[in-house]
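# the amino acid sequence is not available; the structure is as follows:
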């Protein structure tokens with residue numbers, strides 16, 4: 001079978017007409033389905049049951065009961081870690097299948113899909129390994145008691161909400177640490193792209209994860225709001241837009257629920273005057289093909305001094321404009337379609353706004369002429385972009401790059417920070433000491449040197465409107481724990 005034939009393989013979900021609640025596949029209370037559309041063909045390629053209010057209520061009740069009345073929160077971390085290892089093995093066996101869903105739903109290049117999803121099992125194994133060395137209980141010397149300890153316990157029932165651009169990977173950064181901590185969960189899949197999370201639910205069933213520990217549903221904004229507002233949910237873990245994140249923060253704040261928010265970005269690449277422009281252009285263009293620009297951490301604002309602006313814009317336009325756009329299953333394709341018709345219209349709308357506001361179109365700006373179907377947008381570069389303009393301040397979520405002129409290095413740093421976001425950034429220079437000095441001044445959760453870089457095992461998240469809290473690594477475990485101080489008249493057996 002060739003890579004191009006993979007699109008025609010059968011959908012292997014066992015129960016797409018059901019929802020995974022309390023360890024079994026349940027029919028929705030009110031039969032209704034969601035059509036999932038192939039981003040390249042614009043055709044429906046499978047359907048799933050739609051979660052309604054009664055179904056969400058059942059999922060929340062199952063998670064609450066599993067936390068309050070089952071042994072799960074009181075198992076030794078090493079016991080929960082064994083479930084994570086089994087989940088890793090189950091997901092590893094279905095990597096290509098999950099990648100097929102991701103490519104068809106979001107337009108991601110198939111090779112990139114499989115490569116990225118092959119790293120998800122290692123994330124579950126990473127958190128499983130933490131079970132052995134994380135300080136779950138630490139003895140201390142209290143002032144007024146004979147014995148004292150600080151113990152770390154699960155925060156409770158978690159509601160996790162993930163978007164359509166990278167659903168399985170983003171879910172894994174929530175599910176793995178939450179389960180290790182002893183939490184139970186309701187995972188709300190995006191209605192546009194639930195396939196990979198149905199696979200996750202099937203793996204949970206196959207490994208015998210106790211009923212109610214992980215519940216997987218889907219649905220639109222109404223059931224998401226229901227999940228966020230429900231007092232039985234102790235913590236919300238959300239990845240998505242900053243606008244929705246603000247609403248979630250307000251709702252959780254009103255009832256003092258815990259929350260972590262991984263939100264949008266408008267990340268800057270600052271090119272210092274000692275760095276080769278052609279090399280920078282190639283690196284930035286290559287990064288922007290990842291997920292077809294549908295990445296919150298994309299380096300979409302490129303800041304370069306005025307004296308080198310025109311040369312860089314020409315170099316970036318040349319290399320990005322030459323990117324091959326087409327079927328994401330074709331090994332020759334470098335940029336696939338956007339995930340949704342509404343996303344294509346959104347990106348094209350931003351391109352039109354940029355031209356109306358006076359930016360110079362260097363390359364792209366339209367639907368590709370050779371593709372008569374699919375949610376494609378040409379790789380697009382604008383130069384002479386005002387940092388206060390719409391395309392420089394708002395997240396576009398598509399293959400659109402803005403080149404912004406700066407007076408000097410100080411001005412470039414100021415421009416990079418002049419945004420409501422602070423998720424990611426990069427500094428291009430041959431001087432590592434200079435790179436570190438600039439990195440410390442950039443207000444973003446991650447700073448890369450000479451390209452888009454991230455290391456999720458070190459944790460990631462944003463400043464300002466790019467989020468609250470961190471995911472990945474040890475930092476990603478902490479939001480799923482509450483610390484408790486225990487003061488006793490003597491040392492218990494565990495500490496003797």
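On my side now, so go ahead. Note that this is a predicted model, so its numbers are computed, not measured.
# which residues touch stretch 355-364?
For stretch 355-364, the surrounding residues in contact (Cβ atoms under 8 Å, 6 or more residues apart in numbering) are 313-314, 316-318, 320-321, 351, 354, 365, 377-386, 389-391, 399-400, 402-403. From N, CA and C alone the C-beta is placed, and that goes for glycine too.
# buried residues in it, which are they?
For stretch 355-364, a neighbour-count test (16 or more other Cβ atoms under 10 Å) marks 359, 362-364 as buried.
# burial of the nearest residue to residue 75 once chain neighbours are set aside, as a residue count?
Once flanking residues are discounted, residue 75 sits nearest to residue 182: 7.0 Å by Cβ to Cβ, 6 or more residues apart in numbering. Per other Cβ atoms under 10 Å, the neighbour tally for residue 182 reads 25.
# any idea how far residue 238 is from residue 182?
Separation of residue 182 from residue 238 (Cβ to Cβ, to the nearest Å) stands at 21 Å.
# same deal with residue 134?
Residue 134 sits at a distance of 24 Å from residue 238 (criterion: Cβ to Cβ).
# and the two? which has more neighbours close in?
Using other Cβ under 10 Å, the more surrounded residue of residue 134 and residue 238 is residue 238, with 29 against 16.
# who's in contact with the more buried one?
Applying Cβ under 8 Å, 6+ apart, the residues near residue 238 are 160-161, 244-245, 248, 259-262.
# do residue 295 as well
With Cβ under 8 Å, 6+ apart, residue 295 has these contacts: residue 165.
# pretty sure it belongs to a helix, no?
No - Residue 295 is assigned coil when assessed by DSSP: H, G, I helix; E, B strand; the rest coil, not a helix.
# just to check, residue 495 is in contact with residue 146?
No - counting by Cβ atoms under 8 Å, residue 495 does not reach residue 146; the two are 11.3 Å apart.
# sorry, back to before: and the buried ones among the contacts of stretch 355-364, selectable in PyMOL?
Buried subset of those, written as a PyMOL selection, criterion 16+ other Cβ under 10 Å:
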select buried, resi 313+314+316+317+318+320+351+354+365+377+378+379+380+381+382+383+384+385+386+389+390+391+399+400+402+403
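# among the contacts of stretch 355-364, which ones are in helices?
Mapping the contacts of stretch 355-364 onto helices (DSSP state H) picks out 313-314, 316-318, 320-321, 351, 354, 390-391.
# which two of the residues you listed have the greatest separation?
Maximum pairwise distance in these, criterion Cβ to Cβ, is 25.3 Å, between 318 and 390.
# show me where pLDDT drops low in the protein?
The model of the chain has pLDDT under 70 over residues 1-4.
# sec struct for the residue positioned nearest the centre of it, please.
The residue lying closest to the centre of the chain (Cα atoms, centre = their mean) is residue 170, at 4.2 Å. Classification of residue 170 by three-state DSSP places it in helix.
# before we move on, what about residue 361?
Going by three-state DSSP: residue 361 is strand.
# so in terms of bridging, what pairs with it?
When assigned by DSSP bridges, residue 361 has beta-bridge partners residue 382.
# ok, it to residue 354 distance?
8 Å.
# what's the overlap in contacts for the two?
residue 382.
# so residue 87 is in which element?
Per DSSP states H and E, residue 87 falls inside helix 77-92.
# my read: residue 293 touches residue 397, true?
Yes - Residue 293 is within contact range of residue 397, at 6.8 Å (criterion: Cβ under 8 Å).
# joint contacts of those two?
Counting by Cβ under 8 Å, 6+ apart, the contacts common to residue 293 and residue 397 are residue 347.
# surely the residue nearest to the centre of the chain and residue 163 touch.
Yes - using Cβ under 8 Å, residue 170 and residue 163 qualify as a contacting pair, with a distance of 7.0 Å.
# need the overlap of contacts for the two.
residue 239.
# tell me who's in contact with residue 94.
By Cβ under 8 Å, 6+ apart, the contact list for residue 94 reads 199, 203.
# and it, how far from residue 342?
In terms of Cβ to Cβ, residue 94 sits 29 Å off from residue 342.
# gap between residue 43 and residue 5?
Going from residue 43 to residue 5 by Cβ to Cβ gives 17 Å.
# residue 276 too?
Distance of residue 276 to residue 5, given as Cβ to Cβ: 42 Å.
# which of the two has more neighbours?
For residue 276 versus residue 5, neighbours defined as other Cβ under 10 Å are more numerous around residue 276 (12 against 9).
# residue 130 reaches residue 179, doesn't it?
No - the criterion here is Cβ under 8 Å, and residue 130 misses it with residue 179 at 11.7 Å.
# and those two? which has more neighbours close in?
residue 179 (27 against 20).
# touching, the more buried one and residue 82? I think so.
No - using Cβ under 8 Å, residue 179 is not in contact with residue 82; the gap is 11.0 Å.
# can you pull out the strands in the stretch 351-496 of the chain?
For the stretch 351-496 of the chain, the strands defined by DSSP state E, counting those that start in this stretch cover 360-363, 380-383, 400-406, 421-422, 424-428, 446-449, 463-464, 467-468, 481-488.
# roughly how far is the longest one from the heart of the chain?
When distances are taken as Cα atoms, centre = their mean, to the nearest Å, strand 481-488 is centred 32 Å away from the chain's centroid.
# and that strand, what's buried?
Of all the residues in strand 481-488, those buried under the rule 16+ other Cβ under 10 Å are 481-482.
# tell me which strands that strand pairs with, and in which orientation.
According to DSSP bridges, strand 481-488 forms sheet pairs with strand 147-154 (antiparallel).
# quick revisit: what values do phi and psi take at the residue nearest to residue 75?
Phi and psi for residue 182, reported as degrees, to the nearest 10, are phi 100, psi 10.
# quick check: it touching residue 76?
No - in this structure, residue 182 is not within contact of residue 76 by Cβ under 8 Å, at 9.8 Å.
# list the contacts for residue 122?
residue 88.
# now the one helix or strand it maps to: buried residues?
Taking DSSP H and E as the criterion, residue 122 maps to helix 120-133. Across helix 120-133, burial judged by 16+ other Cβ under 10 Å covers 120-121, 123-128, 130-131.
# what's the closest of those to residue 287?
For the buried residues of helix 120-133, the nearest to residue 287 is residue 120 (20.7 Å; Cβ to Cβ).
# who are the contact partners of the closest one?
91, 95, 168-169, 172.
# most neighbours of all those, which one?
Neighbour-wise, those (other Cβ under 10 Å) top out at residue 172, 28 neighbours.
# ok, that residue touching residue 127?
No - Residue 172 lies out of contact with residue 127 (Cβ under 8 Å); the separation is 9.2 Å.
# for the residue nearest to residue 197 when sequence neighbours are not counted, give me phi and psi.
Of all residues not flanking residue 197 in the chain, residue 189 sits nearest, at 4.0 Å (Cβ to Cβ, 6+ apart). When read as degrees, to the nearest 10, the backbone of residue 189 gives phi -80, psi 150.
# how far away is residue 189 from residue 176?
Residue 189 is 16 Å from residue 176, by Cβ to Cβ.
# please apply the same query to residue 395.
The gap separating residue 395 from residue 176 is 27 Å, by Cβ to Cβ.
# what do you get for residue 72?
Distance of residue 72 to residue 176, given as Cβ to Cβ: 15 Å.
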